[in-house]
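*Asks:* Fold the following for me, if possible:
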Amino acid sequence: MLLLLLPLLVAGRERSCCRYACSEGSVDCAEHCADHRSCLLRGPGGLVAEEGCQVTRDSKKDGGEQGRCGEEQFSSSHPLPHLLPLRVVAYHFTPRQSQHSFLGVDVRLRPAAAAALRFRLRSLSPVCSSAAPSPCRPRCVELARGAAPPAQGAELSYDCEAGFVTVPPSNTPYNTAGQDYQVSVCLGEGEEGRCGSLLFRLPEFTGEEQGVVLVEEGEGPVVAHVPVSPLTEVLRVEVLGLGGNSSSEVLEEVQVPVWAEAREWGSVRVEMADSAPPGRSRLRVTPLDGAGRAVGGAMLSAALAAPEPSPTAGLLAGMLTALLATVALAGVYRRWRRVQVLGLVEPRERVEQGEAELHPILVITSLDNPAHVEVVKLLCRYLHQWCGLGPTYFALDEEWGVGGGDPWKWCQETGASVRQQGDILFIAGPDPAVTRETSLHPNLAANQAFLSTTHLQEMAGEGRVHVITLPYSRLAALPKEVPEHLARAAYHLPRQLGALLLHLLHLPLAPLCPLAPLPCVPPRVGPADLAREPGPTLVAKMEELASSLAREERVARVVGRREEGEERTLLPREVNEEGCTLLPREEGEQKEVARLEVEVETGLPSLRAMEGRDTTTTNGC
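*Replies:* Sure, this is the predicted structure:
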């Protein structure tokens with residue numbers, strides 16, 4: 001209402017359309033109107049009537065339609081053209097014999113666009129929905145045009161709509177400047193017509209005609225048609241989020257170049273990459289020149305409303321997605337397990353039935369720890385007995401080992417045996433720092449690795465060199481010739497015995513589904529579970545040696561720190577009745593002290609009475 005009190009700061013004009021410039025049946029018409037049905041062309045030469053064109057309908061001026069205009073459909077199977085021939089211009093409208101100033105709405109169309117045109121202008125002002133019946137009446141217009149060529153540079157103009165609403169009961173005019181409108185349009189008739197609806201914001205008062213930003217209604221990416229001047233070379237398009245307190249936050253910004261053809265056309269189509277963000281938002285478009293300077297004021301589009309995701313709907317969608325994913329994964333897992341069961345492989349039976357041959361392997365590992373040697377011998381025995389592998393060339397093996405022969409010659413012969421067809425297994429032994437034993441063949445593992453260097457790279461490239469770690473293994477125990485990438489990809493036994501056997505036996509993958517024969521399911525190898533003798537014995541010995549070596553490593557760390565003179569705070573020592581200090585408790589270890597009661601024969605020397613005795617023992621113990 002404050003806008004109604006503003007004085008007329010700039011020169012305004014009345015409506016030019018013949019529906020208001022010429023009454024029906026009257027001869028007192030404006031010069032540019034032949035009668036009240038005349039269509040107007042607006043161009044460099046001013047206003048002229050278009051020959052062969054008539055305005056057959058204006059629902060708001062003619063009246064008597066009782067709401068039919070608002071119920072009309074503006075849709076078809078053909079969308080609006082990519083280069084929109086329609087534009088909307090706002091201008092200063094000064095009613096006759098009135099001191100108030102409003103904005104008028106001028107719908108303009110390229111003359112060559114269509115032979116028939118119908119459109120509807122509807123105000124989306126909040127006052128339109130605040131009362132029933134609504135005080136806002138839409139305007140439906142229909143034009144029938146002839147085939148006469150239009151004047152050069154002229155546009156069809158229909159400027160009957162004014163930017164105010166009469167609100168009963170006082171019939172006070174309500175200014176709609178700065179509020180949103182909808183224009184629905186159909187170009188052409190029948191099935192060949194191209195229809196659609198666009199939104200625009202009626203700007204505030206301006207000193208000259210101003211084009212508005214038209215945004216297409218519908219789902220998908222935001223599409224806007226922006227008016228441009230001959231000076232515009234770049235458009236800065238910003239997506240503004242509209243909060244509850246009318247604050248605007250820039251959610252996205254893009255730069256759109258304007259080509260010469262678009263400047264000549266007078267409009268640029270801008271298509272954003274995404275749809276409108278949830279909630280309310282609008283576009284702010286600023287025209288720039290080649291140097292990035294603004295060549296006109298920023299233009300605002302109508303408000304865009306997109307539904308915000310409901311927390312409940314999102315939760316239900318998430319739960320449904322998780323349920324479907326769980327069911328799908330369960331089905332895939334069941335099918336996976338079924339394919340594995342049906343494809344169970346027994347390597348020993350394949351060899352006995354002639355489907356496969358024994359596969360030779362060369363085992364290289366440290367020989368300094370007898371318990372580790374026993375574990376490796378059991379592993380070789382298991383691989384040969386159940387897994388279709390053999391001979392298993394291990395230095396201390398009873399059947400294929402060195403025996404009483406020449407170790408160097410044995411290394412050469414076994415290396416040559418697996419060079420063309422076979423595999424090399426490097427088994428990491430215990431930590432060398434805690435191994436105090438000496439083997440019958442010292443440095444044999446290093447010699448084997450040295451002899452294999454000539455063909456190790458080639459075999460590794462063919463996938464025939466593998467590194468194995470056991471529960472107590474340390475990679476430092478491997479020969480230095482072992483490539484680092486193979487050590488990082490070591491197979492951890494007993495857990496990964498099945499994967500190792502797949503590579504050693506070259507077993508093919510099976511398809512998950514016959515309809516999609518993509519091999520992806522590894523077959524199950526029967527002996528991979530180590531359930532057959534000597535498998536359980538092998539597992540028990542590995543666990544026993546791992547536990548034993550772990551204790552030795554802890555003791556070695558304590559002794560090493562003492563020898564290095566490292567300062568450390570010991571926990572209180574446990575002292576028995578004779579004053580002997582026991583080993584300190586490890587930090588964090590809760591251990592009950594058991595008192596040892598010893599009855600000695602009367603007359604025997606006591607540990608407490610040390611006078612006159614040999615004191616070379618530590619603390620008398």
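*Asks:* Show me where the protein has its helices.
*Replies:* Along the chain, the segments classed as helices by DSSP state H run 18-21, 59-62, 68-71, 260-265, 311-342, 347-352, 370-386, 407-419, 444-461, 484-488, 497-505, 535-563.
*Asks:* Can I get those in TSV including mean neighbour count?
*Replies:* In this view, the C-beta of every residue, glycine as well, is placed from N, C-alpha and C. Converted to TSV, the helices of the chain look like this (neighbours: other C-beta atoms under 10 Å):
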stretch	mean neighbour count
helix 18-21	21
helix 59-62	16
helix 68-71	13
helix 260-265	13
helix 311-342	11
helix 347-352	16
helix 370-386	21
helix 407-419	17
helix 444-461	17
helix 484-488	11
helix 497-505	19
helix 535-563	14
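*Asks:* Of all those helices, which one comes closest to Ala298?
*Replies:* The stretch from the helices of the chain with the least distance to Ala298 (C-beta to C-beta) is helix 260-265; that distance is 18.7 Å.
*Asks:* ok, back up a step: okay, the helices of the chain in a markdown table with mean pLDDT and distance to Ala49 next?
*Replies:* Putting those into a markdown table (pLDDT from 0 to 100; distance: least, C-beta to C-beta, whole Å) gives the following:
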| stretch | mean pLDDT | distance to Ala49 |
| --- | --- | --- |
| helix 18-21 | 90 | 8 |
| helix 59-62 | 89 | 18 |
| helix 68-71 | 88 | 25 |
| helix 260-265 | 82 | 25 |
| helix 311-342 | 85 | 56 |
| helix 347-352 | 89 | 97 |
| helix 370-386 | 94 | 102 |
| helix 407-419 | 91 | 101 |
| helix 444-461 | 88 | 88 |
| helix 484-488 | 92 | 86 |
| helix 497-505 | 92 | 88 |
| helix 535-563 | 84 | 103 |
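*Asks:* Relative to Leu83, which of those helices is closest?
*Replies:* The closest approach between Leu83 and any of those, judged by C-beta to C-beta, belongs to helix 260-265 at 6.3 Å.
*Asks:* Outside of that closest one itself, list whatever touches it.
*Replies:* Contact with helix 260-265 is made by Leu83, Val228, Ser229, Pro230, Thr232, Val268, as judged by C-beta atoms under 8 Å, 6 or more residues apart in numbering.
*Asks:* List the contacts of the second one.
*Replies:* In this structure, Val228 makes contact with Leu235, Val258, Ala262, Arg263, Gly266, Ser267, Val268, Pro287, judged by C-beta under 8 Å, 6+ apart.
*Asks:* do the third one as well
*Replies:* With contacts defined as C-beta under 8 Å, 6+ apart, the neighbours of Ser229 are Arg263, Pro287, Val295, Gly296.
*Asks:* Max pairwise distance over the residues you listed: which two?
*Replies:* Taking C-beta to C-beta, the two most distant members of the contacts of Ser229 are Arg263 and Gly296; they sit 12.9 Å apart.
*Asks:* Mutual contacts of these two, please.
*Replies:* Shared contacts of Arg263 and Gly296, defined by C-beta under 8 Å, 6+ apart, comprise Ser229, Thr232.
*Asks:* okay, now Val88: neighbour count?
*Replies:* 23 (other C-beta atoms under 10 Å).
*Asks:* May I have the beta-bridge partners of it?
*Replies:* Here Val88 shows beta-bridge partners Val107, assigned using DSSP bridges.
*Asks:* isn't it right next to Val212, touching?
*Replies:* Yes: between Val88 and Val212 there is a contact at 5.0 Å, judged by C-beta atoms under 8 Å.
*Asks:* Spit out the residues that contact these two alike.
*Replies:* Residues within reach of Val88 and of Val212 at once, by C-beta under 8 Å, 6+ apart, are Phe200.
*Asks:* Compute the number of surrounding residues for Val482.
*Replies:* 21.
*Asks:* what residues are up against Ala114?
*Replies:* When contacts are counted by C-beta under 8 Å, 6+ apart, Ala114 touches Pro85, Arg145, Leu187, Gly188.
*Asks:* Swap in 6 Å and give it another go.
*Replies:* The contact partners of Ala114, taken as C-beta atoms under 6 Å, 6 or more residues apart in numbering, are Leu187, Gly188.
*Asks:* any idea how far the closest residue to Ser134 other than its chain neighbours is from Arg122?
*Replies:* Leaving aside its chain neighbours, Ser134 sits nearest to Cys128 (5.1 Å; criterion: C-beta to C-beta, 6 or more residues apart in numbering). Distance, Cys128 to Arg122, using C-beta to C-beta, to the nearest Å: 8 Å.
*Asks:* what do you get for Thr321?
*Replies:* Distance check for Thr321 against Arg122: by C-beta to C-beta, it reads 40 Å.
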